[in-house]
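> The following block contains a protein sequence and its predicted model.
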Amino acid sequence: MITKVIEEDIDEIIKEFGEELKKLEGKTIFITGGNGFIPSYIVDVIIKFNKNLQNPCKLIIMNKNKVNENSRLSHLLNDKNVSFIAQDVGKPFEITGKPNIIIHAASRANPTAFMEDPLDTIDANVNGIRNLLEYARNNSVEQFIFFSSAEIYGNPVKEFIPTPESYTGNTDCTDGRACYTEAKRFGETLCMAYYRKFNVPVKMLRILLAYGPGMKNDGKVVSDFFNRASKEKGIGLRDKGDATRSFCYVSDCVRAIFKIIFSGKTGEAYNIGNDLEEENVTILELARRVAKLVGENIEVKPNMDALKKNVYGIETRRVDITKLRNLGFELKIPLNMGLERTRRYYDEIGSIS
């Protein structure tokens, strides 16, 4: 389903990238996980821009679960330029048509799911990319875009906050979240191995804390706070809420991805996030802002008796996007505006699911 606020975001992205999007004329793009939060925006941008092309761009979208009338991309089920495949990308696959670009966005990425099933998380994040890289090796493609994660940095030391791409990480492979973190790290290792040995044209996206319209309530903090404020009329924190985070609105994230697709260098990793110091907020402050947006008399309750200083394990999260800015990128949507647009989305769909 596409809503008014998502359409507004899509139109703004097309307005900015209209000339570059013409380069996709006649091309075929293979997207895994295309029905997901961020990739669905990419799909909507391309399909809406197709009306400007004589020879439209074709999309092949693979999802583990079948796209149906209740799915994020349900409005494209009958679009002649979109083919949907319901399959696990970690298993052998066949597709009709030769893709020019592969975007590997399929991943078990939500905290609730990967803590519950760590082995499936590893399989989804390792076997899938190996399959796709092997396909790209044998079927020459122009670009291979890998949705990695800034989680690969682990818990950066203070002198590397905000964290640049050159930081090699401070991770604990025995931690409960390591099934995701280490799988993404190994995914980048595989990308670079195929780039160096077989010239597969990889680009790696280290995305951090994207939020906004279309996100599900899957354990991520922004959707979780909106859900609890709406349904429970209160937001209870697991600790004092003093850990800090920098959130990136989804349209800024997608703008960054298009910037990398059209201008980024092959064989490189790029941070995607919000590096502005004034946008780095505590979890407590985030909860208060969400509560204020949802309605009056919504109580935010930090747990002042928590044994740990913060149960999130990592004090702060903020990436350095200087490398991205050198491509001509700038952030457009500040946190307050992005949260308001997210609230509008939930109002439009009538629930937080």
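Looks like it arrived, so ask away.

> just the helices in this protein please.
4-21, 37-49, 111-116, 118-138, 178-198, 221-231, 250-263, 283-294, 322-325, 335-349 (DSSP state H).

> Can you convert these into TSV and add a column each for distance to residue 152, mean neighbour count and mean pLDDT?
Using the backbone N, CA and C atoms, a C-beta is placed for each residue, glycine as well. As requested, the helices of the chain are exported to TSV (distance: least, CB to CB, whole Å; neighbours: other CB atoms under 10 Å; pLDDT from 0 to 100):
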stretch	distance to residue 152	mean neighbour count	mean pLDDT
helix 4-21	26	16	98
helix 37-49	17	23	98
helix 111-116	14	16	76
helix 118-138	11	19	91
helix 178-198	5	19	96
helix 221-231	19	20	93
helix 250-263	17	23	98
helix 283-294	22	20	96
helix 322-325	15	18	98
helix 335-349	24	18	96
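
> As JSON lines, these with distance to residue 102 would be great.
Formatted as JSON lines, the helices of the chain follow (distance: least, CB to CB, whole Å):
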{"stretch": "helix 4-21", "distance to residue 102": "18"}
{"stretch": "helix 37-49", "distance to residue 102": "12"}
{"stretch": "helix 111-116", "distance to residue 102": "23"}
{"stretch": "helix 118-138", "distance to residue 102": "6"}
{"stretch": "helix 178-198", "distance to residue 102": "11"}
{"stretch": "helix 221-231", "distance to residue 102": "28"}
{"stretch": "helix 250-263", "distance to residue 102": "11"}
{"stretch": "helix 283-294", "distance to residue 102": "35"}
{"stretch": "helix 322-325", "distance to residue 102": "21"}
{"stretch": "helix 335-349", "distance to residue 102": "29"}
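
> Between the ones you listed, which one is closest to residue 67.
Ranking the helices of the chain by proximity to residue 67 (CB to CB) places helix 37-49 first, at 10.0 Å.

> what about the residue nearest to residue 176 when sequence neighbours are not counted, distance to residue 98?
Leaving aside its chain neighbours, residue 176 sits nearest to residue 115 (5.9 Å; criterion: CB to CB, 6 or more residues apart in numbering). Computed as CB to CB, to the nearest Å, the residue 115 to residue 98 distance reads 39 Å.

> One more: residue 232?
50 Å.

> For residue 148, find the nearest of the helices of the chain.
helix 178-198 (5.2 Å).

> May I have the closest one exported as PDB, CA atoms only?
In PDB, the C-alpha atoms belonging to helix 178-198 read as follows (Å, rounded to 0.1, in the frame of the first residue of the first chain):
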ATOM      1  CA  ALA A 178      26.400 -11.100  16.700                       C
ATOM      2  CA  CYS A 179      24.400 -13.400  14.400                       C
ATOM      3  CA  TYR A 180      23.400 -10.300  12.500                       C
ATOM      4  CA  THR A 181      26.500  -8.100  13.000                       C
ATOM      5  CA  GLU A 182      29.000 -10.800  12.000                       C
ATOM      6  CA  ALA A 183      26.900 -12.000   9.100                       C
ATOM      7  CA  LYS A 184      26.900  -8.500   7.700                       C
ATOM      8  CA  ARG A 185      30.600  -8.200   8.200                       C
ATOM      9  CA  PHE A 186      31.100 -11.500   6.400                       C
ATOM     10  CA  GLY A 187      28.800 -10.300   3.600                       C
ATOM     11  CA  GLU A 188      31.100  -7.400   3.000                       C
ATOM     12  CA  THR A 189      34.100  -9.800   3.000                       C
ATOM     13  CA  LEU A 190      32.400 -11.900   0.300                       C
ATOM     14  CA  CYS A 191      31.600  -8.700  -1.700                       C
ATOM     15  CA  MET A 192      35.200  -7.700  -1.700                       C
ATOM     16  CA  ALA A 193      36.400 -11.200  -2.500                       C
ATOM     17  CA  TYR A 194      34.200 -11.400  -5.600                       C
ATOM     18  CA  TYR A 195      35.200  -7.800  -6.500                       C
ATOM     19  CA  ARG A 196      38.900  -8.500  -6.300                       C
ATOM     20  CA  LYS A 197      38.900 -12.000  -7.900                       C
ATOM     21  CA  PHE A 198      36.000 -11.800 -10.400                       C
END
